[in-house]
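Novice: I would like the atomic coordinates for the input below:
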Amino acid sequence: MQEHPIITVIIPAFNEEQSIAKVINDIPGDVVSHVIVVNNASTDRTVEEAENAGAIVLTENRKGYGWACLKGIEHSETLGTEIVVFLDGDYSDYPQEIPDIVGPIIENDMDMVIGSRVLGKREKGSLTPQQVFGNWLATRLIRLFYRAQFSDLGPFRAIKADSLRALNMSDKTYGWTVEMQIKAAKKRMKFREVPVNYKKRIGVSKVSGTVKGTILAGIKIIFAVFKYRF
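Specialist: Predicted coordinates for the structure are as follows:
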């Protein structure tokens, strides 16, 4: 891959008016070519804040993390994108670490790189106990069934556009990250984890911040581990 590939960041966003501009402003402009924010049925000023910060803003009214990602991917293909970076809009990740995420793809021809919060430094309370346990269980099931060594299902990740296309992603909600990792393992893609730092998000999580969201996400992730085995 060329030294300066076209890199597009996709940020799914649902009611992130307090944080989205901070995320966009911290993305290194000398590395990233395009920033796409996918407004996922927000009812606040997420769209205005993202536009004012200079992002390409798309709207996907079908609620679901996967729906938003798929919308962003579709548009990224019109931009000549060679590497796609996925990043949350809640400011819990450090966008400044994007060079660390894309580095192994550019320098070592990896297909996919996962930013591992488990391997990095986490602010106390940034991951709930249920998130820690869910990560632990899911990654061990993936190791058992797919012989793939992951420590985290973190949303901060990068993947070659061609490799992403080959995965034929389909999950529309909570199972997006685990689907990507399992399918990459099944296709024997080259992947690597790099440590990333993590802080408390701005606002309340739509998933781990509620009992219903936590339960639904847990069920969906575990189901996905078994679903893609066959």
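Novice: For this protein, just list every one of the helices.
Specialist: Under the criterion DSSP state H, the chain contains helices at 20-25, 46-52, 65-76, 98-108, 129-146, 161-167, 176-186, 211-227.
Novice: right, and these - which one's nearest Gly120?
Specialist: Closest to Gly120 of the helices of the chain is helix 98-108 (CB to CB; 9.7 Å). Quick note: C-beta positions are derived from backbone N, CA and C, even for glycine.
Novice: so how far is Gln96 from Val23?
Specialist: 11 Å (CB to CB, to the nearest Å).
Novice: Now distance to Val32, mean neighbour count and mean pLDDT too, for the helices of the chain, in CSV please.
Specialist: Below are these laid out as CSV (distance: least, CB to CB, whole Å; neighbours: other CB atoms under 10 Å; pLDDT from 0 to 100):
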stretch, distance to Val32, mean neighbour count, mean pLDDT
helix 20-25, 10, 22, 98
helix 46-52, 15, 20, 98
helix 65-76, 12, 21, 97
helix 98-108, 6, 19, 98
helix 129-146, 27, 16, 88
helix 161-167, 14, 17, 98
helix 176-186, 20, 23, 95
helix 211-227, 28, 15, 70
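Novice: With distance to Glu193 added, can I get those in TSV?
Specialist: Converted to TSV, the helices of the chain look like this (distance: least, CB to CB, whole Å):
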stretch	distance to Glu193
helix 20-25	22
helix 46-52	29
helix 65-76	20
helix 98-108	9
helix 129-146	10
helix 161-167	16
helix 176-186	10
helix 211-227	18
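Novice: right, so of the ones you listed, which gets closest to Leu153?
Specialist: helix 176-186 (4.6 Å).
Novice: could you give the angle of the closest one to helix 129-146?
Specialist: If you take axes from the mean of the first three to the mean of the last three CA atoms, to 10 degrees, helix 176-186 sits at 20 degrees to helix 129-146.
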